[in-house]
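Chemist: kindly generate the corresponding structure for this input.
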Amino acid sequence: MEERILNEILKAKDSIEIKVRYNDTDNGIVHFKNYLVYSDDGFINFMKHIENPVETAIRKGIIFPVKKIEILFENSASFGDHLIVETQIKEIEEKSIAFIHKIYRESDKALLADIQCVRLVMELETKNLLDVKKFLIEFV
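Modeler: Presented below is the predicted three-dimensional model:
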């Protein structure tokens, strides 16, 4: 049963729409740091999609720090654009989980950023890393 749950999680995909606000931009073009914020929005929404809300984990003292992030910028977004952030899990390791976030402009489906983000699952109080598979199975 555990393997079935993990396979379902690995197949899961989610997307969220974001409208670019003026304060996301520098001279009307989205500042690069905001793509990180958008990928975080994708992460939060994805976890909710697999019935593992980040809010619930945080209330229980569990956090999801970023270990590594890689961003390939392909194009840029502008003030007022509607973006789609697609999120899925690339890989689940014992102590980390790798996500893929692809950010598209909705109007022309142009890929703007391809982000790979490795997160840990950690108890905030003790700073102990949790077994990711066990965490996902218990919380789903």
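Chemist: residues touching the host helix or strand of Tyr35, excluding its own?
Modeler: Following DSSP states H and E, one finds Tyr35 within helix 33-49. When contacts are defined by CB atoms under 8 Å, 6 or more residues apart in numbering, helix 33-49 is touched by residues 12, 14-16, 18, 24, 53-54, 57, 64, 69, 71, 73, 83, 85-89, 99, 101, 103, 112-113, 115, 117, 119. C-betas here are computed from N, CA, C, even on glycine.
Chemist: how far does whatever helix or strand comes next after that helix sit from its chain's centre?
Modeler: Remark: after helix 33-49, the chain's next helix or strand is helix 54-59, criterion DSSP H and E. Remark: helix 54-59 is offset 15 Å from the chain centroid, using CA atoms, centre = their mean, to the nearest Å.
Chemist: next secondary structure after helix 54-59?
Modeler: Going down the chain from helix 54-59, the next helix or strand is strand 62-63, by DSSP H and E.
Chemist: let's see the pLDDT reported for the spatially most central residue of the chain.
Modeler: Most central residue of the chain, judged by C-alpha distance to the mean C-alpha position with CA atoms, centre = their mean, is Phe43 at 2.4 Å. Residue-level confidence at Phe43 comes out at 96, pLDDT.
Chemist: give me the distance between it and Val37.
Modeler: Spatial separation of Phe43 from Val37 under the definition CB to CB, to the nearest Å is 11 Å.
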